[in-house]
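>>> sequence plus the predicted model coming up.
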Amino acid sequence: FFFFFFLYSVFLSQSNVFCVMIAEYGKQWYQRRVRGELILLLQVMARDILKQILASRTDRDAKNLSLELTSRGAMHIDVPYCPERNSTRCCAATMVPTPICLEDFEEVERLQGSLNKVCYKLSRDRETIIRHLTVLADHDSFAQDLLNIYKDLPDSHHEKITLALNRHDFMYDTPDPSSETAFLNGQFKLVENNLIAASMGALTESVYWYHRSLLRRYGVHTSQHDYKMNNIKGLAGGLKLGYDLYKDKFNSDNCFVVMVQEDDSFNYFDQQLVFNAVEELGAPTVRVTTLELLEHGRVQEGRFTVHDMEVAVFYFRTMFNPWHYPTPEYWSLRRDMELSNAISVPNVAHQIVNLKYFQMLLAQKEVLERYTTSLEEADSISKLFIDTLPLQINEEGNRNAQLAINNPDKYVLKPQREGGGNNLWNEEMRETLMELQGNPTRARFILMKKITPPVIRNRFVKRGVMSEELETVAEIGLYSVFCTDSTGSIVRNEVVGPLVRTKNSLENEGGVLVGISAIDSPLFVSSHDP
């Protein structure tokens, strides 16, 4: 069996990717001391590969492309709802890359550093945060719990090292989405920022290099606009930087970068590829669940330890939604982590200003000007925001709600949550707003004008099967690293790479892990190209 698997891997010229994948599975199950499951998993994978080989005998060219894309095995993730807990599937990916306007992308990339600094300055504006969050917390218990921790932070908390691994998500807003040149005639608008629910940074690299190979194979030369994908090394470099700063500040020779994950993490490989790169840079890593932290975490003289290992950096991949805190003890844990010496990625202040309410505030130019260095900078950043409206029970809020009720196809209703699957659209949004008329809890939502992105024809590959041609729309995220030392001086503020996720244009919500969106990559096209 292993001999067959090796030969097949070599045949695809992707054996190194599969070896990495096998090693990661071996590491995971060895740590759990569950014998025999790795063999079972590889048997399942081999069975799927055999099915793909048999299927490739018809319509061979399309099948070969599907098989090649699927074989880039770094895209495998655990699926929690599968009857066999140890089975896997491939994330969906697009057959070809999506065209992106080079000049407009470079402008967004240029402004990313300014946007990072704005969020950092806002996170340190204690008076503004408490004043606005107090209003919101009256109707949102999640916001209230975050506010409780924030109020407990001492003034000396400003001296902590700050590290944020951001992913700002944008869509290209164009007046004529069906035009063949729509992707060259518009402007990027901010959808949201993700600090914790910011996955796919590693897996997207496999798709990116597949697309580059495919374009060269068919004679599409894009070397002049090739983007140097650096997501894995860039994100890992940010975590290593935090580790080094902590180690130097507290003179600790035996500390770790700790990934805080859910009990059943089904995005294992995307996360682990980044952690592998952190290890290669020289920082030791460990993955723990929130339950492990509750049972084995300790704070002594500011130093947080878990399983007797000192934590330099907490890299959160959970604790961004209310259901991640099933009991009050989890909120106490979050408070202890924040008050310890360990660097939280993100810290509570950054998590608060990432709520949609504060995104709405920054969309107001007069607010934005308080956190920028010039009116010109504020003007440039303000163009990234689309109309975002409050829904308090007052004349303005009532007027905004009625606007969406009358035009449900033009707005989306957003709660104060990070990640996908929370928004309300169309008739569901309309019914909710009608039910909330006169209800103060309506203030826990914001109203955002819909973005109209270009419609591009593409195909998806899901589990080795190519779809029919679809009308698709894309969302592009920009990963960046922002870090300050204990004096508040910025030591890193850089973009590390993009993520493109594409979905059927008929879908409202997105999400790769839930099977709606596909991982994509950018094909940068200049408006000056012939």
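Yep, it's here.
>>> what sits against residue 527?
Going by C-beta atoms under 8 Å, 6 or more residues apart in numbering, residue 527 touches 101-103, 184. All C-beta atoms are positioned from the backbone trio N, CA, C, and that covers glycine.
>>> does residue 283 touch residue 259 like I think?
No: if you go by C-beta atoms under 8 Å, residue 283 and residue 259 don't touch, sitting 12.0 Å apart.
>>> thought residue 522 was touching residue 498?
Yes: judged on C-beta under 8 Å, residue 522 makes contact with residue 498 at a distance of 5.8 Å.
>>> okay, the residue nearest to residue 367 when sequence neighbours are not counted: pLDDT?
Nearest residue to residue 367, sequence neighbours excluded (C-beta to C-beta, 6 or more residues apart in numbering): residue 361, at 5.1 Å. pLDDT for residue 361: 96.
>>> and the helix or strand where residue 361 lies, what does it pack against?
Following DSSP states H and E, one finds residue 361 within helix 356-362. Where contact means 3 or more C-beta pairs under 8 Å, 6 or more residues apart in numbering; DSSP states H and E, helix 356-362 is packed against helix 102-123, helix 126-137, strand 187-194, strand 388-389, strand 446-449.
>>> C-alpha coordinates for the helix or strand following the fourth one, CSV please?
Scanning the chain past strand 388-389 towards its C-terminal end, the next helix or strand to appear is helix 395-406 (assignment: DSSP H and E). Below are the C-alpha coordinates for helix 395-406, written out as CSV (Å, rounded to 0.1, in the frame of the first residue of the first chain):
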residue,chain,number,x,y,z
GLU,A,395,-35.1,59.1,14.5
GLU,A,396,-31.9,58.2,12.6
GLY,A,397,-32.1,54.5,13.5
ASN,A,398,-35.7,54.3,12.6
ARG,A,399,-35.1,56.0,9.3
ASN,A,400,-32.2,53.6,8.5
ALA,A,401,-34.3,50.5,9.4
GLN,A,402,-37.1,51.6,7.2
LEU,A,403,-34.6,52.2,4.3
ALA,A,404,-33.5,48.5,4.6
ILE,A,405,-37.1,47.3,4.9
ASN,A,406,-38.1,49.1,1.7
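>>> which strands and helices sit next to helix 395-406?
Other helices and strands packing on helix 395-406, by 3+ C-beta pairs under 8 Å, 6+ apart, are strand 411-414, helix 426-435, strand 446-449.
>>> save the ones you listed as CSV, and put in mean neighbour count, mean pLDDT and distance to residue 120 too.
CSV is the format used below for those (neighbours: other C-beta atoms under 10 Å; pLDDT from 0 to 100; distance: least, C-beta to C-beta, whole Å):
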stretch, mean neighbour count, mean pLDDT, distance to residue 120
strand 411-414, 23, 97, 23
helix 426-435, 15, 96, 33
strand 446-449, 22, 97, 22
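>>> now for the ones you listed, which one comes closest to residue 518?
Counting by C-beta to C-beta, residue 518 lies closest to strand 411-414 out of those; the figure is 21.3 Å.
>>> how close does residue 276 get to residue 481?
As for residue 276, its distance to residue 481 is 18 Å (criterion: C-beta to C-beta, to the nearest Å).
>>> go on, residue 293?
24 Å.
>>> again with residue 151
29 Å.
>>> neighbour count: these two, which is higher?
residue 481 (24 against 12; other C-beta atoms under 10 Å).
>>> give the contact list for the more buried one.
Residue 481 neighbours (C-beta under 8 Å, 6+ apart): 163-166, 234-235, 237-238, 241, 492-494, 496.
>>> residue 117 contacts residue 483, correct?
No: with contact defined as C-beta under 8 Å, residue 117 does not reach residue 483; the gap is 11.9 Å.
>>> please enumerate the shared neighbours of those two.
490, 493.
>>> between the two, tell me which one has more neighbours.
residue 483 (25 against 19).
>>> the helix or strand where the more buried one lies: partners in the sheet, and parallel or antiparallel?
Here residue 483, judged by DSSP H and E, is contained in strand 470-484. The pairing partners recorded for strand 470-484 under DSSP bridges are strand 162-173 (antiparallel), strand 456-458 (antiparallel), strand 490-504 (antiparallel).
>>> what angle sits between it and helix 102-123?
Angle, strand 470-484 to helix 102-123, by axes from the mean of the first three to the mean of the last three C-alpha atoms, to 10 degrees: 40 degrees.
>>> can you give me the strands in the stretch 151-300 of the chain?
162-173, 187-194, 255-261, 285-289, 297-300 (DSSP state E, counting those that start in this stretch).
>>> how about the helices of the stretch 251-400 of the chain, start to end?
Per DSSP state H, counting those that start in this stretch, the stretch 251-400 of the chain carries helices over the ranges 268-280, 290-296, 328-339, 348-353, 356-362, 365-368, 375-382, 395-406.
>>> which residues touch the fifth one?
If I follow you right, that is helix 356-362. Applying C-beta under 8 Å, 6+ apart, the set of residues contacting helix 356-362 from outside is 118, 122, 132-133, 136, 143, 190, 192-193, 352, 367-368, 371, 385, 388-390, 414-417, 446.
>>> would you mind checking these for buried ones?
The neighbour count (16 or more other C-beta atoms under 10 Å) marks 118, 122, 132-133, 136, 143, 190, 192-193, 352, 367-368, 371, 385, 388-390, 414, 416-417, 446 as buried among the contacts of helix 356-362.
>>> show me the shaky parts of the stretch 1-150 of the chain.
Applying pLDDT under 70 to the stretch 1-150 of the chain flags the ranges 1-89.
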